[in-house]
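> Provide a 3D model corresponding to the input given below.
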Amino acid sequence: MSAVDDAGVVVPKGLKSGAIGLVESTGIGVASTAPAYSLAVTLGFVVAIIGVQTPLLVVLAFVPMLFLAWATKLMNRIDPDCGTSFTWAARALGPRTGWFAGGFGTIASDFLAMGSYAQIAGQYMFLLVGADVIGQNPTSPWVLLVGVLWIVGLTYICYRGIEISARLQMWLVSIEIVILLVTAAVAVIRLASGSAPAGHIPLSWSWLNPTKIASFSAFMQGMLLMVFIYWGWDTTTSINEETEDSSRVPGLAGVISTFLLLGTYFFVIVAMQAYVGVGTSGYGLGNAAHAGDVLSILGAEIYGNSVIGTIMSHLLIFMVLTSAAATTQTTILPNARTMLSMSFHKALDGRFGRTHPVYMTPTVATVSFGVASVVYYVALNFLAHGNVIADSVTGTTFFAALYLGITALACAWHYRGAIHRGVRAAVSELIVPALGFLMIYAILAWSFKIYADPSQSYFELNLPVFGEVGGVMLTVVVSTLVGLAWMLFSQRQFPAFFRGEMHAHSLTDDDEVVAVRFE
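The predicted structure is shown next:
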């Protein structure tokens, strides 16, 4: 895929055009959210906050996600650049907004997520081989070692090419979804046959009653966690320049992915909630003892101790492991391509724009992200004594909301003229993206209020002057300061970009050419 510079000369990025189609792109979109992994590490925390209304949150969180996916689809249609949020926000809202909210927002969310991916992979690797003592100990140095090797191995796969990555994703996500659905179905059958454990609760329409949610604050906190459960489908547009029909297929795949996720999540969560309940003891989903990993505990109970049951429970563990593999891989992919695009548009050092002459993948961007992720994971693991999952997940959602929301705002601003083209155009191109932006940023704003309280985090630090600071806010604030410092440095290094000069890849919509130079 290429763009055209001011002299009309084609400027290639070095990526492999048309390498994957709609099926592979959709598979990557679903795999990027890591349904099994996301449920394993997030469901317990959501239930602890929301209780039996958790299935309702699955539906409510789908609404802003669908609106954001729709906005992403519209922006990809007019500008299929692998920089996605960075490029679109920079063109529509200005270079600084694009650089920080779109570019750094994407980089930070991917970066913060890597620690939790590596941690769950390390633990599940030992659970898979029966070394439960190690697998259930997040502070184990063996878990740390496997987590580091996990990042290194998947970074290498991403380095080797998008086609290898796509094929692997299709196998991984197929296994993942099938076993998830089978596990949920077995839970429903056992519930109906009267063999569910103590604490199970009957299915009830009251689970979908919004008035039963304890408070608005609890609702917003739960919604932020649900952003993480759905987050990842936008990888389809990050690999748009390597996808067939790059202006149409990636955006469509992202929208399809959100619907597939809605169905999967709703069925699995309803089944699990009914089967074990939301109690704070035993197998209950509200039990804090296994809040960071509900699936490995539930798998053994659902399938029992027979030979087939043991095989299936280990398959469930393997599924979460493959889910962590899939999402680790699809976190590296968009990050590397965002940095490639930022370098291409002269917003980052030119070395990040290098691509492999044979594999046609971003080389420096991919490898540097892998190295930085290892350093971050090791540092955070020691700092938080192995408890990296919860606060990493929450910190990730802050930046995911930041860049997804800015994409929706850029879309609404670009399509603001739709208000003069009839009700259908206004709703589709202006109102839906604007609502997506308002919804996700309302969740983001409320989250700052919630996590200003250190007790809402899973680890705290006592800092001079500031006193007790929770892990979530510490992660978000430090990351933000790093991003702002990096942007100020880049502004001095690349003044042309910050004056509003980008490659002249014009945005087009319905044969209307829109200027790309910032106003």
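> drop to CA atoms for contacts and neighbour counts, all remaining ones
Fine.
> now the helices for the stretch 401-519 of the chain?
423-426, 432-451, 471-493, 495-498 (DSSP state H, counting those that start in this stretch).
> any chance of those helices in JSON lines, plus mean pLDDT and mean neighbour count?
Shown next, in JSON lines, are the helices of the stretch 401-519 of the chain (pLDDT from 0 to 100; neighbours: other CA atoms under 10 Å):
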{"stretch": "helix 423-426", "mean pLDDT": "92", "mean neighbour count": "14"}
{"stretch": "helix 432-451", "mean pLDDT": "92", "mean neighbour count": "20"}
{"stretch": "helix 471-493", "mean pLDDT": "90", "mean neighbour count": "17"}
{"stretch": "helix 495-498", "mean pLDDT": "90", "mean neighbour count": "18"}
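> out of those helices, nearest to residue 141?
Residue 141 lies closest to helix 471-493 among those, at 21.4 Å (CA to CA).
> how about the CA coordinates for that closest one, as CSV?
Coordinates of the C-alpha atoms in helix 471-493 are reproduced here as CSV (Å, rounded to 0.1, in the frame of the first residue of the first chain):
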residue,chain,number,x,y,z
GLY,A,471,-1.5,1.4,40.8
VAL,A,472,-4.1,2.4,38.2
MET,A,473,-3.6,6.2,38.5
LEU,A,474,0.2,5.8,38.8
THR,A,475,0.3,3.8,35.6
VAL,A,476,-2.0,6.2,33.8
VAL,A,477,-0.3,9.4,35.0
VAL,A,478,3.3,8.2,34.4
SER,A,479,2.3,7.0,30.9
THR,A,480,0.7,10.3,30.1
LEU,A,481,3.7,12.3,31.3
VAL,A,482,6.0,10.0,29.2
GLY,A,483,3.7,10.6,26.2
LEU,A,484,3.6,14.4,26.6
ALA,A,485,7.4,14.5,27.0
TRP,A,486,7.8,12.3,23.9
MET,A,487,5.5,14.6,21.9
LEU,A,488,7.4,17.7,22.9
PHE,A,489,10.6,16.1,21.9
SER,A,490,9.1,15.0,18.6
GLN,A,491,7.8,18.5,18.0
ARG,A,492,11.3,19.9,18.1
GLN,A,493,12.6,17.1,16.0
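> quick revisit: right, and the helices of the stretch 401-519 of the chain - which one's nearest residue 346?
Using CA to CA, the nearest of the helices of the stretch 401-519 of the chain to residue 346 is helix 495-498, at 6.1 Å.
> Can you spell out which helices and strands pack onto the closest one?
helix 95-97 (3 or more CA pairs under 8 Å, 6 or more residues apart in numbering; DSSP states H and E).
> Would you check the distance separating the helix it packs on from the middle of the chain?
Taking CA atoms, centre = their mean, to the nearest Å, one finds helix 95-97 lying 23 Å from the centre of the chain it belongs to.
> And the contacts of that helix?
Contacting residues not belonging to helix 95-97 are listed as 89-90, 487, 497-500, 518 [CA atoms under 8 Å, 6 or more residues apart in numbering].
> How about stretch 422-442?
Stretch 422-442 is contacted by residues 64-65, 67-68, 70-71, 74, 401-402, 404-409, 411-413, 415-416, 418-420 when judged by CA under 8 Å, 6+ apart.
> How about stretch 335-355?
Around stretch 335-355, the neighbours that count as contacts under CA under 8 Å, 6+ apart are 13-15, 81-84, 86-87, 99, 103, 106-107, 110, 238-239, 361-366, 369, 490, 494, 496-498, 502-503.
> Tell me the buried residues within those.
Of the members of the contacts of stretch 335-355, the ones counted as buried by neighbours, 16 or more other CA atoms under 10 Å, are 13-15, 81-84, 86-87, 99, 103, 106-107, 110, 238-239, 361-366, 369, 490, 494, 497-498, 502-503.
> so how far is the helix or strand containing residue 40 off the chain centroid?
Element membership of residue 40, judged by DSSP states H and E, is helix 35-50. Mean C-alpha position of helix 35-50 versus that of the full chain (CA atoms, centre = their mean) differs by 14 Å.
> can I get the CA coordinates of that helix in PDB?
Taking only C-alpha atoms (Å, rounded to 0.1, in the frame of the first residue of the first chain), the coordinates of helix 35-50 have been written out as PDB:
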ATOM      1  CA  PRO A  35     -12.500 -13.600  24.400                       C
ATOM      2  CA  ALA A  36     -11.300 -16.400  26.600                       C
ATOM      3  CA  TYR A  37      -8.400 -14.400  28.100                       C
ATOM      4  CA  SER A  38     -10.600 -11.300  28.600                       C
ATOM      5  CA  LEU A  39     -13.300 -13.300  30.400                       C
ATOM      6  CA  ALA A  40     -10.700 -15.100  32.500                       C
ATOM      7  CA  VAL A  41      -9.000 -12.000  33.800                       C
ATOM      8  CA  THR A  42     -11.900  -9.500  33.800                       C
ATOM      9  CA  LEU A  43     -15.200 -11.300  34.500                       C
ATOM     10  CA  GLY A  44     -14.500 -11.700  38.200                       C
ATOM     11  CA  PHE A  45     -13.800  -8.100  38.700                       C
ATOM     12  CA  VAL A  46     -16.900  -7.000  36.800                       C
ATOM     13  CA  VAL A  47     -19.100  -9.400  38.900                       C
ATOM     14  CA  ALA A  48     -17.600  -8.100  42.100                       C
ATOM     15  CA  ILE A  49     -18.800  -4.600  41.100                       C
ATOM     16  CA  ILE A  50     -22.000  -5.200  39.200                       C
END
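> What is it packed up against?
Counting by 3+ CA pairs under 8 Å, 6+ apart, the elements that helix 35-50 packs against turn out to be helix 162-192, helix 216-230, helix 295-303, helix 307-344, helix 389-414.
> got the angle for whatever helix or strand comes next after that helix vs helix 432-451?
Moving toward the C-terminus from helix 35-50, the first helix or strand encountered (DSSP H and E) is helix 54-78. Orientation of helix 54-78 against helix 432-451 (axes from the mean of the first three to the mean of the last three CA atoms, to 10 degrees) gives an angle of 130 degrees.
> Could you check the angle helix 54-78 makes with helix 216-230?
50 degrees.
> Not counting whichever helix or strand comes after helix 54-78 itself, show me its contacts.
Sequence-wise, the next helix or strand downstream of helix 54-78 (DSSP H and E) is helix 85-93. Under the contact criterion CA under 8 Å, 6+ apart, helix 85-93 has outside partners 75, 79, 81, 95-103, 106, 338, 341-342, 403-404, 406-407, 410-411, 413-414, 516-518.
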